[in-house]
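Asks: below is the sequence, then the predicted model.
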Amino acid sequence: MNGTNGNARTGRSTTFRLTVLVCAALPLSYAGVLSWQALAGSDHHPAPTAAHAPPASQDELVPTIPTGTAAPGAAAPTGTPPQGTPAAPPAPGSGSPAAPDPNRGPLTGRTVLLDAGHNTGNGKHTTEINRQVDIGNEQKECDTTGTETNAGYSEAEYTLDVSRRARAILQTRGATVVFTQDGDRPWGPCIDERAKIGNDAHADAAISVHGDGAPASGSGFHVILPAKVVAGRADTSAIVDPSRRLGLLLRQDFKAATGEPYADYIAQQGLDTRADLGGLNLSKVPKVFIECGNMRNSGDAQRMTDPQWRQQAAQGIADALTAFLTTTDTPGGTG
């Protein structure tokens, strides 16, 4: 091979490659200048990416309508709430439920008294609970220990649990719920004080929750209404009629919620009227008692010790109070 011609060809090849590299580098350098200018125009703070963008407020969550989609005013795309639409409640199990709003609900502005019968500490305070108190037409013990199932589940435990469950339901409906005791007293209160608590609270309605301790052969629930009593400190004249309407609603809604039959050993069709109960005689607000079942009966006891059934019992009580305070209807039927 000729050496001179080889060197010439090598030089031309090297020059060609340098020319190609220079031509390719010029557009890239120009693009870099433009990019630097764009950054300089934004104070060197690039817009946050989607992963780091600050969350928009609720009022800013307005869907942008891209070109070619429906005009404003048309139905929003599926899954996109229109502006101003309240957020949907969380799905069950997705988080803590929102706290009830006391300014909303059918029972807003209404006060309810729930009287959980007896007290688990009464048995240790027999001197206190055995003292006599005036109920208007006679003297009676301050309180009693209540009954229990054969397995030892006490009436006081039952009544407090159901009352707390009913309170939770009523509060979600806007009611102010007053208790005569919430497991926060060593004993009592006495039956006259139980009535006074409802009177002092100016309750719109009151229910005293109990379980019966009848012979084991009897079963079922019954509602106790106040008789007309005008004697001494007692005057039930003003509450007899509204208490009867409350009692009829309670009989209806408790049976519907629990499936428990009317008592087959006492009362008539689930209703009884009594003049010997201080909690009724001294009440100035519509009030009834409910004996939710016979704790000495094996079938009733099995139901009353079941938390799910107690929730149904609370539902029936809350529904009756809600109906009483929001309607003027009186249920029909015997009694």
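Replies: Perfect, I can see it now.
Asks: for the rest of this, base every contact and every neighbour count on C-alpha atoms.
Replies: Noted.
Asks: mind checking pLDDT for residue 330?
Replies: Here the pLDDT value assigned to residue 330 is 87.
Asks: can you check residue 39 too?
Replies: 37.
Asks: same check, this time on residue 53
Replies: 36.
Asks: and residue 79, by the same measure?
Replies: At residue 79, the predicted lDDT confidence score is 37.
Asks: check the one 4 residues further on too.
Replies: The predicted local distance difference test score for residue 83 is 38.
Asks: OK, contacts around residue 124?
Replies: Under the criterion of C-alpha atoms under 8 Å, 6 or more residues apart in numbering, residue 124 has no neighbours.
Asks: where does the chain have its least confident helix or strand?
Replies: Lowest by mean pLDDT, DSSP states H and E among the helices and strands of the chain is helix 3-41, with a mean of 42.
Asks: now the element after that helix, going C-ward?
Replies: strand 111-116 (DSSP states H and E).
Asks: ok, that next one: who's next to it in the sheet?
Replies: strand 176-179 (parallel), strand 205-212 (parallel) (DSSP bridges).
Asks: tabulate these (a markdown table), appending mean pLDDT and distance to residue 191.
Replies: Supplementary listing: the strands paired with strand 111-116 in a markdown table, determined by pLDDT from 0 to 100; distance: least, C-alpha to C-alpha, whole Å:
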| stretch | mean pLDDT | distance to residue 191 |
| --- | --- | --- |
| strand 176-179 | 98 | 13 |
| strand 205-212 | 98 | 11 |
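Asks: closest to residue 119 out of the ones you listed?
Replies: Comparison of the strands paired with strand 111-116 against residue 119 by C-alpha to C-alpha identifies strand 205-212 as nearest, at 11.2 Å.
Asks: hmm, who's touching the closest one?
Replies: Residues outside strand 205-212 that contact it (C-alpha under 8 Å, 6+ apart) are 111-117, 147, 155, 158-159, 162-163, 198, 285-296, 321, 325.
Asks: over to stretch 230-242?
Replies: With C-alpha under 8 Å, 6+ apart as the test, stretch 230-242 has contacts from 134-137, 225-229, 280-287.
Asks: and if we set it to 7 Å?
Replies: Here stretch 230-242 makes contact (C-alpha atoms under 7 Å, 6 or more residues apart in numbering) with 135, 136, 137, 226, 227, 228, 229, 281, 282, 284, 285, 286.
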